[in-house]
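> Take this sequence and fold it.
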Amino acid sequence: MAMDVGKKKRGVSSEINVTPLIDVVLVLLIIFMVLTPSMLKHLTANVPKKSEDAAPTVSESTIVVEYTAKRELSVNTEPVAVEALAEKLAERLKSARQKVVFFKAEDEAPYGEVVKLMDVARGAGAQTLAVVTQ
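Modelled structure (predicted):
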């Protein structure tokens with residue numbers, strides 16, 4: 001360690017010697033660089049392969065509510081009035097083992113009306129609501 005005592009004219013210098021500080025910081029940096037890879041845990045994930053079938057099959061127990069931008073409502077491709085939706089869904093959900101209702105709404109369909117239809121489905125006994133995307 002060197003210390004500058006100064007010249008006779010100026011006196012003692014009050015500057016900090018940063019060389020030991022840089023040495024300590026570099027040693028700590030090297031320690032962390034060596035230890036970090038050993039602290040990481042590696043998990044391997046097996047991703048299932050894509051099945052040959054492009055589209056999933058729709059069974060008779062599946063309930064799909066479709067709503068268009070023209071305010072046309074259908075349950076499993078059968079046209080239904082908005083007022084009769086609760087009765088129609090309650091009838092189908094009674095015999096369904098899984099009480100899931102899928103909603104397929106066009107992008108231009110009013111969002112608020114689609115949410116109201118989801119509320120009607122929930123009130124009719126649906127436990128799970130799902131949104132069908134493209």
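
> C-alpha from now on. contacts and neighbour counts both.
Will do.

> okay, now residue 64: neighbour count?
For residue 64, the count of nearby residues is 20 (other C-alpha atoms under 10 Å).

> what do you get for residue 110?
15.

> now the closest residue to it other than its chain neighbours: how far from residue 130?
Distances taken as C-alpha to C-alpha, 6 or more residues apart in numbering put residue 69 closest to residue 110, at 7.1 Å, once the chain neighbours are dropped. Taking C-alpha to C-alpha, to the nearest Å as the measure, residue 69 falls 19 Å from residue 130.

> And the helices in this structure, which stretches?
All helices of the chain, identified by DSSP state H, fall at 19-39, 85-95, 111-123.

> Residue 63 contacts residue 75, doesn't it?
Yes: Residue 63 is within contact range of residue 75, at 6.9 Å (criterion: C-alpha atoms under 8 Å).

> give me the low-pLDDT residue ranges for this protein?
Applying pLDDT under 70 to the chain flags the ranges 1-11, 43, 53-60.

> residues near residue 44, how many?
By other C-alpha under 10 Å, 6 other residues sit near residue 44.

> so which of the helices of the chain gets nearest residue 52?
Closest approach to residue 52 among those (C-alpha to C-alpha): helix 85-95, 30.8 Å.
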